[in-house]
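[1] Okay, here's the prediction I keep looking at, along with the sequence it came from:
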Amino acid sequence: MTKPELGVCYYPEHWPEETWAEDARQMADLGLTWVRIGEFAWSRLEPARGRYEFDWLERAIDILASAGLKVVLGTPTATPPKWLVDEMAEMLAVDADGKTRGFGSRRHYCFSHDGYFEECRRITNELAKRFGTNHGVHAWQTDNEYGCHDSVHSYSSAALREFRIWLSQKYQSPEALNRAWGNVFWSMEYASFDEIELPNLTVTEANPSHWMDFHRFSSEQVVKFNHLQVEIIRRHSPERPVIHNFMGRTLSFDHFDLGEDLDISSWDSYPLGFLSDRSDRPNDFALRYAKSGDPDFQAFHHDLYRATSGGRWWVMEQQPGPVNWATHNTAPNDGMVRLWSWEAIAHGAEVVSYFRWRQAPFGQEQMHSGILRPDSVPAHAFSEVSQTASELTAVDGIEIGKSDVAVVFDYPSAWAWKIQPQGTEFDYFRLVYDHYCALRRLGLSIDFQNAANPDLSGYKLVLVPGLFSWNQQLLEEMRKTEAQIVVGPRSGSKTGDFQIPGDLPPDLPADMLDLKVARVESYPENLEINVPGSGSFKFWREHAQAGSTASVLLDAEDGSPALIRQGNNTYLAGWGDDEFLRNILQDVTERAGLSTFNVPEGLSFRRNGKMIFAFNYSRENINLNELGIEAEYLLGGSNLAPSDVSIGKLT
Ligand code: GAL
């Protein structure tokens, strides 16, 4: 693996020009090599239509480059300026209640507005022409965090127009659409594509097939929007990688589809903000880790986003201290900024870049910390960044390879179960996350595979939880592999049109899994059904009927099959609690010939071939020897203090 590097997000337009050179010098002295700039600067790059003021940006890039820093230049399309919005007010996105999303923050545009699309083409083109071959520009970032602030779905007239075109291309005739959606139900049949509305503002729920297509359409609009910028950048700036920064727990568009256009995926990692605001963990857990973050959440996203652009990935924004946007904004325990940085590297990050250089004394994020305080004095993170940079120089020999376990991930499934949860707790992310965490408790490292285009070769264990609908390639890969495969719950329970399959779920050929799910139930929190000796099902359980070639391995307490197996395919007929998942996965892991470790809750552990990486999120010492781990250490040792890092090779 090439030596990982560190970087920072910087806003030269926020600071007097006289400070730039000193900032750049200090960044380089700290050991940073990358700096991302420009992604919100449209009002300074083009203060009025056609008046391009790029000289200041060029001076900033020159200064940063002379200090030895490599610039990632962002396109400013997440923040269209006031003059532009005033010129074409219909470019603003409209929320599901029909309210226009106003100017005054960011991400206020509708992906479907062709006028805004052209404006993005224009500004990206101007920037790429001017800076495409600039010696200081080494990479590009498109826009900023698509989907953040719930900005993928717009219910504007532009979206409606485009949606109708999209539907007419997909279905060719209103009759075909009526059939696919089942529009005979409630007299919803259409005689023409022009009659179709967006699925918001209906009296009660709109048709799930209608919603599903709206999700697909909206996701494709994001991909198209990004593609436009990537093409322009590639034309004017060959050889420089194009990156986008994804956000945590954002499922509103298909990151795999978008990632196909990127050279490098990246994401913005805010462990404390996420635990406060984007977690399903119980309150006592959230309190335990309030100052270190959920020990599995970062790893999950590192692994997921690594899969979205063929393996190359960065952390574009790393939390450096308290943020401003969560319900509560704790400060990390000492050592955590270093720990998060190393943890990303352990999952293969090429660069970890901190957000942001200096805390801004003005604007919405004035309470968000940086590496420097607003008065330019080093903030808490400074010394940890410095330590990480020196360690990165000193430590050699880190290898990251393929994992033994794959989890099949599918953005459309996230949309499907949001549209039709059938029980409020049924959330796709939560379901996959529970399975992922159970694998991690066994010390297994995980790769994600895109359900639409998977390559299952070489894996020993494959999980397919909650998959909305099968596709041919996935089925073929599942047939080909010798891995143990764990399917369900709810996998294959719909056709691609969002209907119940004719042969009933899980809709697999009988020679793979001879099984029918005859009835399903959802349970509220704390209502569970016991599976004697193995744990319980919570939130969701199925009443499955096994055919003659499948064997029932476990029954729930009411006698209904809980675990069914045929060959190397195992079916879970419910959402297992921690104990159930642990037991079942331990069993299939053994069948797969994989060795495991018992990893305690506060330990983030990754094993890749002989390499082991251990990160202590807890407040207690953890002794790795006691977990059966014998290694030679490149960093740290077998005794892992709170917030500390150990990296070694198994002996
Ligand atoms: C990210 C965003 C940044 C900044 C940061 C604050 O989501 O990309 O621009 O707002 O959050 O934590």
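    Structure's in. What do you need?
[2] who touches the residue of the stretch 1-150 of the chain found nearest the ligand in this structure?
    At 4.6 Å from the ligand, Glu145 is the closest residue in the stretch 1-150 of the chain, using C-beta to the nearest ligand atom. The way it works is simple: take the backbone N, C-alpha and C, and place the C-beta from them, glycine included. By C-beta atoms under 8 Å, 6 or more residues apart in numbering, the residues touching Glu145 are 78, 107, 245-247, 250, 268.
[3] Could you pull out the buried residues of the biggest helix by length in the chain?
    Among the segments of the chain that qualify as a helix by DSSP state H, the longest is helix 208-236. By neighbour count, with 16 or more other C-beta atoms under 10 Å as the criterion, the buried positions of helix 208-236 are 208-230, 232-234, 236.
[4] So which of the contacts of Glu145 reach the ligand?
    Intersecting the contacts of Glu145 with the surroundings of the ligand, defined as C-beta under 6 Å from any ligand atom, gives 247, 268.
[5] Filter the contacts of Glu145 down to just the ones in strands.
    Among the contacts of Glu145, the members found in strands (DSSP state E) are 245-247, 268.
[6] Just the buried ones among those residues, please.
    The neighbour-count criterion (16+ other C-beta under 10 Å) marks 245-247, 268 among the ones in strands among the contacts of Glu145 as buried.
[7] Now do the SS call for Glu18.
    Assigned by DSSP: H, G, I helix; E, B strand; the rest coil, the conformation of Glu18 is helix.
[8] Can you give me the neighbour number for it?
    For Glu18, the neighbour count with other C-beta atoms under 10 Å is 7.
[9] Surely Thr79 touches Leu45?
    No. Because the distance of 10.5 Å does not satisfy C-beta atoms under 8 Å, Thr79 is recorded as not touching Leu45.
[10] just to revisit the earlier point, can you list the contacts of Glu145 in JSON lines and add distance to Val184 and pLDDT?
    Putting the contacts of Glu145 into JSON lines (distance: C-beta to C-beta, whole Å; pLDDT from 0 to 100) gives the following:
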{"residue": "Ala78", "distance to Val184": "43", "pLDDT": "98"}
{"residue": "Arg107", "distance to Val184": "39", "pLDDT": "98"}
{"residue": "Asn245", "distance to Val184": "45", "pLDDT": "98"}
{"residue": "Phe246", "distance to Val184": "40", "pLDDT": "98"}
{"residue": "Met247", "distance to Val184": "40", "pLDDT": "98"}
{"residue": "Thr250", "distance to Val184": "36", "pLDDT": "98"}
{"residue": "Asp268", "distance to Val184": "45", "pLDDT": "98"}
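[11] Next, format the ones in strands among the contacts of Glu145 as TSV and append distance to Gly576.
    Rendered in TSV, the data for those read as follows (distance: C-beta to C-beta, whole Å):
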residue	distance to Gly576
Asn245	34
Phe246	29
Met247	29
Asp268	31
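[12] domains of the chain?
    Structurally, the chain divides into domains by automatic domain parsing as follows: 5-151+223-394, 157-210, 405-592, 603-650.
[13] follow-up on the earlier one: what backbone torsions are found at the residue of the stretch 1-150 of the chain closest to the ligand?
    The main-chain torsion angles of Glu145 are listed as degrees, to the nearest 10 and equal phi 50, psi 70.
[14] Which pLDDT value goes with it?
    Confidence at Glu145, expressed as pLDDT, is 98.
[15] thinking again about what came up before, now tabulate the contacts of Glu145 in TSV and tack on distance to Gly533.
    Putting the contacts of Glu145 into TSV (distance: C-beta to C-beta, whole Å) gives the following:
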residue	distance to Gly533
Ala78	53
Arg107	50
Asn245	46
Phe246	41
Met247	41
Thr250	39
Asp268	43
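[16] so Gln566 makes contact with Thr549?
    Yes. At 5.7 Å, Gln566 and Thr549 qualify as touching, with contact defined as C-beta under 8 Å.
[17] Name the residue in these two with the higher neighbour count.
    Set side by side, Gln566 and Thr549 show unequal neighbour counts under other C-beta under 10 Å, the larger going to Gln566 at 19 against 13.
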